[in-house]
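[1] Here's my sequence, what's the structure:
(one chain, ligands or ions: 1)
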Amino acid sequence: MSVSIWMDKSRDKKTIEQDIVIIGGGIAGLSAAYWLQKEDPTMRIALVEKYQLGDGATGRNAGFITCGSVEHFNRLVGKHGEDEAKEIWNYSEVNLQLLKDEIIQNREKEMLFEHKGSFSLASTPEEFQELKNSASIMEKMGINVDIIDEAGIKSRLGADKFVGGIKYVGDASIHPLHMLSEIRDKIEKTKNEVTFYENHEVFALDESGGDKVVRTKQNTFKAPIVVFATNGYGPQLHPFFEDKIFPTRGQILATEPVERFMEAPCYANFVLDYFRQLPTGEMVIGGFRQLQKDAEIGYSDETSAVIQSALEDFLHQHIPAIRKAKITHRWSGIMGFSVDGQPMVGALPTDPQCFFLGGFTAHGLGLAFHSGKVLTDSMFDRKIPNFITAKRFS
Ligand SMILES: Cc1cc2nc3c(=O)[nH]c(=O)nc-3n(C[C@H](O)[C@H](O)[C@H](O)COP(=O)(O)OP(=O)(O)OC[C@H]3O[C@@H](n4cnc5c(N)ncnc54)[C@H](O)[C@@H]3O)c2cc1C
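    Modelled structure (predicted):
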């Protein structure tokens, strides 16, 4: 966005001085605010969001809270080795535990939270074999997984034409916006100095007297520290992200509710496609960006006929109970894919006053709450895991 001198109403107002300005009001920004105010309630924190809180990917995802990354675990081990792959897995297990302890508590129903695991399903014997290999590595490492065959998929998930799969027993699912509201409520109910500024789009970032100056049309903010919680939108705000975080569109559709038949959420086709039945009966299905790889890069949140009809075909082919259900919603959102598939947390190697948490590569619900805590650790000079630190790009 560019802003003319005439549009810039902040020029007539006093600059708002803060200790930290967080840009971005999704799960990452809220998690950062949550953990920072917990660390020091006297810290003055402004959270600045372009639209309403949750209007980015956080309010548009499928609500899976899963462990690991966007690939089968055997591939994660191939890339990172066993120890780091386990560390990556544990990181998201901790994320879920922190969410349960700090946010969900006894409000599972209100947040449509279910801790029933998730499945990865194979359409071919080759993928099933790979999943079984993954499962045996995971079992050796003490990760709780079960193998499921074609008949089990049919009876427990109501899904056809899959040859087998595995269940990640520890995974969960949620209503992402209810979770976000709960984090906000928890922040607002505690005595601290956090202020939310919605409908504030940051259009420029300057420097003055050693501080960062964050400019929006409505207000100008000044602080020694800026946190970018902008995930896929990072490259629009700072050149550091241009070759590290890639805005990647994901598309979804949802149907009217039908009687509950699925045990837990499912991934298919090497984690590219996914579907789940909500506790309230609606079916949500997303993926297929592999069909239009180039068109799915960028910032447009439109949907495309090619991918939407592939989602419909998938439903008809694999999920008989939903064949007659009316499609009620179609939408898309922008994810931030990182260059190596792992998130990025901490100060930018090029600027110690700029921090980032993002690059969640389609798994922000499984990563961001813990990442807010780790970001706080990095600000207070405590050690953070190597696989996640932004310093790995120095
Ligand atoms: C279709 C889809 C399905 C998904 N399914 C899942 C899933 O089931 N499970 C899972 O774990 N993950 C899923 N994801 C990914 C997940 O949604 C993201 O990883 C997560 O929401 C990222 O959170 P965030 O806060 O980092 O980013 P966002 O939620 O995108 O927040 C970034 C915020 O920054 C704001 N912003 C951008 N530019 C500016 C600016 N200039 N000034 C001020 N504010 C600005 C945006 O408006 C936005 O609100 C899915 C994503 C999509 C799109």
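
[2] For this structure, give the helix that spans the most residues.
    As assigned by DSSP state H, the longest helix anywhere in the chain is helix 73-98.

[3] Mind listing residues that contact whichever helix or strand comes after it?
    Following helix 73-98 in sequence order, the next helix or strand is strand 118-122 (DSSP states H and E). Strand 118-122 is contacted from outside by 64, 66, 72, 128, 130-131, 148, 153, 157, 159, 162-168, 171-173, 263-268, 271, using Cβ atoms under 8 Å, 6 or more residues apart in numbering. Where you see a C-beta, it was placed from the backbone N, CA and C, and this is true even at glycine.

[4] again, but for stretch 232-245
    Against stretch 232-245 from outside (Cβ under 8 Å, 6+ apart): 23-24, 56-57, 202, 205, 228, 230-231, 246-248, 299, 334-339, 344, 348, 350-351, 354, 356, 358-359, 393.

[5] Check the one residue in the stretch 251-394 of the chain that gets nearest to the ligand and give its pLDDT.
    The minimum distance from the stretch 251-394 of the chain to the ligand, using Cβ to the nearest ligand atom, falls at Gly364 (2.2 Å). Confidence at Gly364, expressed as pLDDT, is 97.

[6] hang on, it packs against Thr58?
    Yes - the criterion here is Cβ atoms under 8 Å, and Gly364 meets it with Thr58 at 6.9 Å.

[7] Just want to know which of these two has more residues nearby.
    The neighbour comparison of Gly364 against Thr58 (other Cβ atoms under 10 Å) goes to Gly364, with 29 against 24.

[8] got a list of what the closest residue to the more buried one other than its chain neighbours touches?
    Leaving out its chain neighbours, the residue that sits closest to Gly364 by Cβ to Cβ, 6 or more residues apart in numbering is Ile27, at 5.6 Å. Residues near Ile27 by Cβ under 8 Å, 6+ apart: Thr58, Pro176, Met179, Leu180, Ile183, Gly364, Leu365, Ala368, Phe369.

[9] Give me the below-cutoff pLDDT ranges for this protein.
    Applying pLDDT under 70 to the chain flags no residue at all.

[10] Domain-wise, how is it divided?
    The chain resolves into domains spanning 9-60+177-244+341-393, 118-169, 246-338 when parsed by automatic domain parsing.

[11] who wins for proximity to Arg107 among those domains?
    domain 9-60+177-244+341-393 (6.7 Å; Cβ to Cβ).

[12] which residues touch stretch 319-333?
    Everything outside stretch 319-333 that qualifies as a contact, by Cβ under 8 Å, 6+ apart, is 56-57, 59-61, 158-160, 249-259, 261, 275, 282-283, 300-303, 308, 312, 315-316.

[13] Quick one: work out the angle between the longest helix of the chain and strand 118-122.
    160 degrees (axes from the mean of the first three to the mean of the last three Cα atoms, to 10 degrees).

[14] Now do the residue nearest to Gly364 against His329, distance only.
    20 Å (Cβ to Cβ, to the nearest Å).

[15] what does Gln18 give?
    37 Å.

[16] okay, these two: which has more neighbours?
    Gln18 (25 against 11).
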